[in-house]
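Chemist: sequence unavailable; structure follows:
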C-alpha cells in the first residue's frame, strides 16, 4: 500500500477544490440528515459541508491514515472522520447524501459499486461524484511510457493505475438503476507557477504509486527524466505553466 502525503496534496488546494464546488452546485438536497464523503482526503472540503447543511451529521471516510490524521483538525460535533476503505463501508441507516471527490478512479471496477451506493440512499437522497478524465493526457501517457522502460518496469509490476469511465457511461449506469442523472465534463486550464509545476502536481496524486514503488536510487533518476519530459510537454509561458485537466461529474437522484 502506498502512502499519501497531505501536505504535498494540499500544495494545489485551491485548484483541487474547484471541482468539489462545481459538483455540489448541481446538488439540490434541501436538508440532509446524514452526509457521507467517500475518500475525504485531508478533510477541509468535507468540513465545509457543515456550513452548507448545518443540521447534517457529516462523515468522512478515507483509507489513508495520513489523510485522516490531517482531517482530524476539522472534526467537530457534527463532523467526524474514519479510516476505512470505501469498499468496506456499510451504512447502518439510509443516507441522504453520498459524495466522492476524485476518489473512485483509485478503486478497480468502481462502476460495480454504483448499485450498492444507490441502494443505500434514502428515497430523496443524492449521489454525487467527480473523477479525473485526463488519463490520456501527456502527464499520464509519459508516466506510463517511462514506467514501461526496462530499467524501471520490473519494479513496477504491482503498481495500481487509476482509471475512470466517461460521463455517458456513468449516465447509462445510473439511469439503468432508475435514477435521474446529471452528467457532464469540464476541462480546467490550471495556471501553475514555480519549478517543475506539473510534476509537483502529479507527484501528489497520479504518479504517487509509481514513485513510491521505486527504490530511492532509481527514483531519483526516474524523477529527473520524468520532469524533463513533462517540462517539454507543458512548456512554461510568461504567465505560468498551463495544465489542462478534464474532469467527469455525475449527480444522481433516485
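Modeler: That came through fine. Predicted, not measured: the structure shown is a model, and the values here were computed from it.

Chemist: quick one: secondary structure of the spatially closest residue to residue 125 that is not a sequence neighbour?
Modeler: Of all residues not flanking residue 125 in the chain, residue 96 sits nearest, at 5.1 Å (Cβ to Cβ, 6 or more residues apart in numbering). Placement of C-beta: from N, CA and C, glycine included. Secondary structure, DSSP: H, G, I helix; E, B strand; the rest coil: residue 96 is strand.

Chemist: run a quick neighbour tally on residue 96.
Modeler: Residues contacting residue 96 under the criterion other Cβ atoms under 10 Å number 22.

Chemist: quick check: it touching residue 30?
Modeler: No - in this structure, residue 96 is not within contact of residue 30 by Cβ atoms under 8 Å, at 9.7 Å.

Chemist: would you map the helices across this protein?
Modeler: Ranges of helices in the chain, per DSSP state H, are 6-9, 13-24, 44-52, 65-71, 114-119, 138-147, 167-176, 197-203, 208-213, 216-233.

Chemist: out of those helices, which is closest to residue 247?
Modeler: helix 13-24 (5.0 Å; Cβ to Cβ).

Chemist: centroid residue for this structure?
Modeler: Centroid-nearest residue in the chain, with Cα atoms, centre = their mean: residue 102, separated by 1.7 Å.

Chemist: which residues sit in contact with that one?
Modeler: When contacts are counted by Cβ atoms under 8 Å, 6 or more residues apart in numbering, residue 102 is found next to 16, 19, 39, 130-132, 205, 247.

Chemist: from residue 214, how far out is residue 198?
Modeler: 19 Å (Cβ to Cβ, to the nearest Å).

Chemist: between these two, point out the one with more neighbours.
Modeler: Counted by other Cβ under 10 Å, residue 198 and residue 214 do not tie: residue 198 has more neighbours, with 24 against 18.

Chemist: isn't that one right next to residue 232, touching?
Modeler: No - contact between residue 198 and residue 232 fails when scored by Cβ under 8 Å: they sit 10.6 Å apart.

Chemist: shared neighbours, the two?
Modeler: In contact with both residue 198 and residue 232: no residue, using Cβ under 8 Å, 6+ apart.

Chemist: so what touches stretch 80-91?
Modeler: Residues from elsewhere that reach stretch 80-91 (Cβ under 8 Å, 6+ apart): 34, 36, 38-40, 43, 46, 58-65, 68, 71-72, 74-75, 100, 103, 107, 113, 120.

Chemist: mind listing what's buried along stretch 209-222?
Modeler: 209-211, 213-214, 219, 222 (16 or more other Cβ atoms under 10 Å).
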